[in-house]
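K.L.:
have a look; sequence and predicted model below, questions after that.
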Amino acid sequence: MKLLVLNGPNLNLLGSRETDIYGTGTLADLEASLRSEFADVDFAFEQSGHEGSLIDALHEAASRRFDGIVFNPAGYSHTSVALRDAVAAIDVPVVEVHISNVYARERFRHVSRTAAAAVGVISGLGMAGYALAVRYLLVHGARS
Ligand code: CA2
């Protein structure tokens, strides 16, 4: 089972500020924790602040026949038609994850343009949301 964990803009700052919203864990902590919890999964971890790079990562995961993608598009969730099109264009199941509960925050975060193209969304469960998304994909991923 090959899974991509893809994080969007500013998530490289996790653990360093806004810890009241996003907690104290870093992206490196997330990677270590997923690798340890799911030792049999062949993970790739990527983060980018660039919309086009995220689109390229989605396309590449499809061409490299990944079984699933855990995707936090971060701020682009609320704006990006291009990322939504990319999620819809690939035949790899994508689970959208938000660390914070976007529905308990500003109104502009209540709409995700990418969510409808994903198989489902997890929001507000902190870093645990990523592990839950992996659990889903282990059962429902493309070649599971
Ligand atoms: O809750 C989430 O995971 C979000 O996707 C995070 C995005 C936000 O725009 C979405 O509405 C919800 C923001 C990521 C910014 O991450 C930071 C982490 C630490 C310090 C500063 C920003």
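P.N.:
Thanks, I have it.

K.L.:
report pLDDT for the closest residue in space to residue 120 that isn't next to it in sequence.
P.N.:
What sits nearest to residue 120 in space, not counting adjacent residues and going by CB to CB, 6 or more residues apart in numbering, is residue 95, at 5.7 Å. From N, CA and C alone the C-beta is placed, and that goes for glycine too. Here the pLDDT value assigned to residue 95 is 98.

K.L.:
which strands or helices does the helix or strand hosting residue 95 pack on?
P.N.:
Using DSSP states H and E, residue 95 falls within strand 94-98. Counting contacts by 3 or more CB pairs under 8 Å, 6 or more residues apart in numbering; DSSP states H and E, strand 94-98 packs against strand 68-72, strand 120-123, helix 128-140.

K.L.:
any chance of CSV for these, columns mean pLDDT and distance to the ligand?
P.N.:
As requested, those are exported to CSV (pLDDT from 0 to 100; distance: least, CB to the nearest ligand atom, whole Å):
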stretch, mean pLDDT, distance to the ligand
strand 68-72, 98, 5
strand 120-123, 98, 7
helix 128-140, 97, 8
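
K.L.:
looking at the ones you listed, which one is packed in the most?
P.N.:
Most buried of the helices and strands packed on strand 94-98 by mean neighbour count (mean count of other CB atoms under 10 Å) is strand 68-72; its value is a mean of 27.

K.L.:
how far is that one from where the chain is centred?
P.N.:
Its chain's C-alpha centre and that of strand 68-72 lie 4 Å apart, by CA atoms, centre = their mean, to the nearest Å.
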